[in-house]
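Asker: below is the sequence, then the predicted model.
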Amino acid sequence: MEAKMQSESDLSASPPDVPEISRDELRSRLNTPSLTIVDVLPAESYAAEHIPGGINLPFDSIASRARELLPDPNAEIAVYCAKFT
């Protein structure tokens, strides 16, 4: 299952079949081994600041690197693309 963190600015951008989780839920699950956190911002942004334990998979590299970095297709994934506040 893939989860996407809610954004206050545009909740309508998510396809209806992709579940969303709140910031509070994501924070409470940061140390949950079954959840993979993926930062899709450029490597420079990830290097400057990221969620601890998150994997950097820049948006423009998803097609070429997702299988390498996310080998379990059944894993629960939270994707974020903004500062974690």
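Answerer: Nice, I can see it.

Asker: please, where are all the strands along this protein?
Answerer: With DSSP state E as the criterion, the chain has strands at 2-5, 20-21, 35-39, 55-56, 76-80.

Asker: in the chain, where is pLDDT below threshold?
Answerer: For the chain, the stretches flagged by pLDDT under 70 are 1-16, 83-85.

Asker: mind checking the end-to-end distance for stretch 33-43?
Answerer: End-to-end distance of stretch 33-43 (Cα to Cα, to the nearest Å): 23 Å.

Asker: how many residues are close by the nearest residue to residue 45 once chain neighbours are set aside?
Answerer: The shortest distance from residue 45 to any non-neighbouring residue, by Cβ to Cβ, 6 or more residues apart in numbering, is to residue 39 (7.7 Å). No exception for glycine: its C-beta is placed from N, CA and C like everyone else's. Residue 39: 23 surrounding residues under other Cβ atoms under 10 Å.

Asker: contact partners for residue 39?
Answerer: For residue 39, the contact set (Cβ atoms under 8 Å, 6 or more residues apart in numbering) comprises 45, 46, 50, 51, 54, 55, 56, 57, 80, 81.

Asker: separation between residue 82 and residue 37?
Answerer: Counting by Cβ to Cβ, to the nearest Å, the separation of residue 82 from residue 37 is 13 Å.

Asker: neighbour count winner among these two?
Answerer: residue 37 (22 against 12).

Asker: wait, the more buried one touches residue 55, no?
Answerer: Yes - at 6.8 Å, residue 37 counts as touching residue 55 under the criterion of Cβ atoms under 8 Å.

Asker: before I go, just wanted to say thanks for your time.
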